[in-house]
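1. Attaching a predicted model along with its sequence, questions to come.
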Amino acid sequence: MNGGKRTKTIIGTIFVGSVLLGAASCGTDSPESGTAVARHVPAPAPGGAFAGLLSPSGAPSMEPSYTMEPSGAPSMEPSGAPSMGAGDMESLQKAGMAAVEAVEGSTLISIEAQDNGKTWEVHVVGTDGTEHSMDVDAESGNVASGPTAEKADEAEKAKRMTMVKSAMLTYKEAAEKATESVPEGKINELYLDRHMGKVAWEAVLMTPDGTKHEVYVDAKDGTVTKNGSTS
């Protein structure tokens, strides 16, 4: 008789344990009622990820969000990443265009990155040989200060005009040839000068490893000459 009671007790204990385990897997105990409450698990969003994904602690995930490319594939650059500044080809060309538009009929003769890449210092020569300088914001491409005309005598103005007229390549064409010759290089300086008796564009480029490269682009035929590199 006692043996039968023990058997019933064991069976009852197993049954209760099974019920408790089932309740634990289906939900959590409500603190108000003390009963098991079913937990709703949201269906995965398209792409296999949950919107507003939480970390195991319940705090918002600190993973960066990503923007979507027009094709629908996610961009590998986090949204909110800083845009390219001075040194970037698009930024250089935008700054150059703003500078020549600021002085009607002018020709760009030099452009140099300043303020850790936040600004371009640009020099242009007007139709009368007068040199004008200005600062252009690297991100927006807007003229931040200037243009300011620099004083010069007629002989110096004439010398500038001779050099400008001798250059067949524009600053854009020279910049493209310089960057093509230095993979991953970004232009820090580009200016029109004389090299080995010829009018040439001299470019100073920096690569991601911190190496500085000097490149000369013949302003007439586009021939590229490298002048070594320094770090």
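-> On my side now, so go ahead. Residues are numbered from 1 along each chain as shown.
2. Any regions of this protein where pLDDT drops low?
-> Where the chain drops to pLDDT under 70, the residues are 1-87, 227-231.
3. For it, which segments count as strands?
-> 27-29, 36-38, 66-68, 74-78, 107-114, 119-125, 131-137, 143-149, 186-195, 198-206, 212-218, 224-230 (DSSP state E).
4. what about those strands, which gets the closest to Ala174?
-> strand 198-206 (3.6 Å; CB to CB). C-betas here are computed from N, CA, C, even on glycine.
5. The closest one pairs with which strands?
-> strand 186-195 (antiparallel), strand 212-218 (antiparallel) (DSSP bridges).
6. Just put those in a markdown table and tack on mean neighbour count and distance to Leu169.
-> Shown next, in a markdown table, are the strands paired with strand 198-206 (neighbours: other CB atoms under 10 Å; distance: least, CB to CB, whole Å):
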| stretch | mean neighbour count | distance to Leu169 |
| --- | --- | --- |
| strand 186-195 | 19 | 9 |
| strand 212-218 | 20 | 7 |
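7. Okay, the closest residue to Ser106 other than its chain neighbours and Gly146: tell me how far apart.
-> Distances taken as CB to CB, 6 or more residues apart in numbering put Val124 closest to Ser106, at 3.9 Å, once the chain neighbours are dropped. Val124 sits 10 Å away from Gly146, taking CB to CB, to the nearest Å as the criterion.
8. quick one on the thing from earlier: output the strands paired with strand 198-206 in TSV; the columns should cover distance to Ala152.
-> TSV is the format used below for these (distance: least, CB to CB, whole Å):
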stretch	distance to Ala152
strand 186-195	16
strand 212-218	25
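9. Quick one: closest of those to Ala178.
-> Between Ala178 and the strands paired with strand 198-206, the tightest spacing by CB to CB is seen for strand 212-218, at 4.6 Å.
10. Run a quick neighbour tally on Gly96.
-> A count of nearby residues for Gly96, using other CB atoms under 10 Å, gives 22.
11. Is it correct that it is in contact with Ala174?
-> No: if you go by CB atoms under 8 Å, Gly96 and Ala174 don't touch, sitting 10.8 Å apart.
12. on that earlier part again, can you name the residues that contact the residue nearest to Ser106?
-> Ala99, Val100, Ala102, Val103, Ser106, Thr107, Leu108, Ile109, Glu131, His132, Met134, Pro147 (CB atoms under 8 Å, 6 or more residues apart in numbering).
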